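In: Dropping a prediction and its sequence here:
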Amino acid sequence: MIKRVLLFASAKETLGQDSVDLELAADATVADLRKQLVNDYPVLNDLVARSHIAVDQQFALDDMSLTDAREVALIPPVSGG
Amino acid sequence: MIKRVLLFASAKETLGQDSVDLELAADATVADLRKQLVNDYPVLNDLVARSHIAVDQQFALDDMSLTDAREVALIPPVSGG
Amino acid sequence: MISITDKPIDSTAVLASVSDPDCGANVLFVGTTRRMTGQRETTRLEYECYEAMAVSKMESLVALAHEQWPIAKVSIVHRVGVVEIETASIAVAVSSPHRSASFEAASWLLERLKQEVPVWKREIWADGQEEWVHPETGGLPELPERDPSEASP
Amino acid sequence: MISITDKPIDSTAVLASVSDPDCGANVLFVGTTRRMTGQRETTRLEYECYEAMAVSKMESLVALAHEQWPIAKVSIVHRVGVVEIETASIAVAVSSPHRSASFEAASWLLERLKQEVPVWKREIWADGQEEWVHPETGGLPELPERDPSEASP
């Protein structure tokens, strides 16, 4: 399956785009998505390790399945306020 | 000496005036003033017991001399804010 | 800005008065007349103060706050006279580089102000009763001067 | 009122939005762009957010605050885009019958918001450097969902 991952802040700036599409197995989990993201975009390696993955606007645990995920986002450490 | 005592809140309301003049000995202290105030205005007995005396706009201890006091006030428990 | 006023408090101006380019945190507290106290309804409050001493006491408290927290600016405005429901009787604003100092200092200032600044409120109840509020203190409260935390500013 | 805006924040309106006749305490926090961080000067900040999730997270935090404190109304407005020095990037307002709840809830909301609401700032320094701020967390931070204090609202 193809999953689009929304990018923000330095991830968006580094890649020059606000999302990337990843090719994942049909039963892929959040952990698999992390691996694929770093594999396809090695420049994000350090940032991904420090980031959360949000699935449908909720922080997701690494073992969560992405099969039913509608919206996936990479959430680097936040700095609002 | 005559010392004027400024009154506020329920003390002012009870006596219907915003100050009273007390006749005190030349070496009178805050404690003497309390006694004279209650003596002259027994209706203030309970309130005076619960009030501070301010001398020149500072809370004063009972043993403080009033000889040099320029402004004396009865400060019932406050309720600002 | 430390003042007593018989006009409506402009809380926007109070907040603006502590603005500072080197502060990222601005805390404003606005105390308003509350309608219900338990099941009892208030119609309005009326405040009176011993103005010279109130201003002097507020200045002392502000000086003490500056000793305790890295804050930049503090403003306190207290209203006197009639204060209707949902209307401000007091506004306290504090600015600081980081937010914990502003929150702590503002909270502390309110606490101390309510204990020792000579301002009194008269409560006018909806049931027709009226009374000056002189909180029970279990006898004469300890003099602030005896409090070791109150050093001379 | 919970919102993200690219316009200047009207903090007076944010405070007014929590006004309530049964509340005597109104706390407003306004976070502004600070010029100096130690000896280093900031020219401006630029904020970006993941809006749908940011709003959802703020709503969750407000629900959690209501569970923890007897507060009446809460408003949060976060600005995105360029925020100049001494200009507001966030306003949080809380009302409650008594003041400790408003102070505590507002302070707690800021704390949590800075940890888990997806908003990011880009710091433009006076020395010409620019950088997205991604605070060091010593590795992947614990997921908020694992925090037992975060019950479903």
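Out: Received, thanks. Numbering: from 1, shown residues only, chains lettered A, B, ... in the order given.
In: okay, CA-based contacts and neighbour counts for the rest of this
Out: Noted.
In: how about low-confidence regions in chain A?
Out: The model of chain A has no residue with pLDDT under 70.
In: For the closest residue to chain B within it, grab the count of nearby residues.
Out: Nearest to chain B, among the residues of chain A, is residue A:81, at 29.2 Å (CA to the nearest CA). For residue A:81, the neighbour count with other CA atoms under 10 Å in any protein chain shown is 28.
In: For residue A:33, which non-adjacent residue is spatially closest?
Out: Distances taken as CA to CA, 6 or more residues apart in numbering or on different chains put residue A:24 closest to residue A:33, at 7.1 Å, once the chain neighbours are dropped.
In: wait, residue C:108
Out: residue C:65 (8.0 Å).
In: what about the worst-scoring helix or strand of chain C on mean pLDDT and chain D, touching?
Out: Ranked by mean pLDDT, DSSP states H and E, the weakest helix or strand in chain C is strand C:36-37, scoring a mean of 94. Yes: Strand C:36-37 lies within reach of chain D by CA under 8 Å from any CA of the partner chain, at residue C:36.
In: Each with direction, which strands does that strand pair with?
Out: strand C:40-49 (antiparallel) (DSSP bridges).
In: so for the partner strand, what's the average pLDDT?
Out: Averaged across strand C:40-49, pLDDT comes to 98.
In: What is the subsequent helix or strand relative to that strand?
Out: helix C:51-68 (DSSP states H and E).
In: what residues does that following helix touch?
Out: With CA atoms under 8 Å, 6 or more residues apart in numbering or on different chains as the contact definition, helix C:51-68 has outside contacts at B:57-58, C:2-4, C:71-72, C:74, C:76, C:105, C:108-109, C:112-113, C:116-119, C:150-151, C:153.
In: CA atoms only for that helix, dumped as PDB, please.
Out: Taking Å, rounded to 0.1, in the frame of the first residue of the first chain, the C-alpha atoms of helix C:51-68 are listed here in PDB:
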ATOM      1  CA  GLU C  51      -5.500  54.700  49.600                       C
ATOM      2  CA  ALA C  52      -2.100  56.000  50.700                       C
ATOM      3  CA  MET C  53      -1.400  52.800  52.700                       C
ATOM      4  CA  ALA C  54      -2.900  50.600  50.000                       C
ATOM      5  CA  VAL C  55      -0.600  52.000  47.300                       C
ATOM      6  CA  SER C  56       2.400  51.800  49.700                       C
ATOM      7  CA  LYS C  57       1.600  48.200  50.600                       C
ATOM      8  CA  MET C  58       1.300  47.200  46.900                       C
ATOM      9  CA  GLU C  59       4.600  48.900  46.100                       C
ATOM     10  CA  SER C  60       6.200  46.900  49.000                       C
ATOM     11  CA  LEU C  61       4.700  43.600  47.700                       C
ATOM     12  CA  VAL C  62       5.900  44.400  44.100                       C
ATOM     13  CA  ALA C  63       9.400  45.000  45.500                       C
ATOM     14  CA  LEU C  64       9.300  41.700  47.400                       C
ATOM     15  CA  ALA C  65       8.200  39.900  44.200                       C
ATOM     16  CA  HIS C  66      11.100  41.300  42.400                       C
ATOM     17  CA  GLU C  67      13.400  39.900  45.100                       C
ATOM     18  CA  GLN C  68      11.900  36.500  44.700                       C
END
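In: tell me the angle it makes with strand C:40-49.
Out: 100 degrees (axes from the mean of the first three to the mean of the last three CA atoms, to 10 degrees).
In: Any idea how far helix C:51-68 is from the middle of the chain?
Out: 11 Å (CA atoms, centre = their mean, to the nearest Å).
In: Settle this for me: residue A:21 is touching residue A:7, isn't it.
Out: No: between residue A:21 and residue A:7 there is no contact under CA atoms under 8 Å: 10.7 Å.
In: Which one's more surrounded, these two?
Out: Between residue A:21 and residue A:7, residue A:7 has the larger neighbour count (other CA under 10 Å), namely 22 against 13.
In: would you list every one of the helices in the chain?
Out: Picked chain A for this. With DSSP state H as the criterion, chain A has helices at A:9-15, A:30-40, A:45-49.
In: hm, I was asking about chain C
Out: According to DSSP H, the helices that chain C contains are C:11-16, C:51-68, C:99-116.
In: among these, which is the most enclosed?
Out: helix C:99-116 (a mean of 21; mean count of other CA atoms under 10 Å in any protein chain shown).
In: which stretches of chain C aren't confidently modelled?
Out: Those would be C:137-153, if you go by pLDDT under 70 across chain C.
In: what residues does it put near chain D?
Out: C:11-12, C:19-36, C:85-86, C:97, C:100, C:103, C:107.
In: just so I know, which of the helices of chain A lies nearest residue B:77?
Out: helix A:9-15 (55.5 Å; CA to CA).
In: Just the C-alpha atoms of that closest one, please, in CSV.
Out: Below are the C-alpha coordinates for helix A:9-15, written out as CSV (Å, rounded to 0.1, in the frame of the first residue of the first chain):
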residue,chain,number,x,y,z
ALA,A,9,9.1,22.1,10.3
SER,A,10,12.7,20.9,9.6
ALA,A,11,11.6,17.7,7.9
LYS,A,12,9.6,19.7,5.4
GLU,A,13,12.4,22.1,5.0
THR,A,14,15.0,19.4,4.6
LEU,A,15,13.1,17.6,1.8
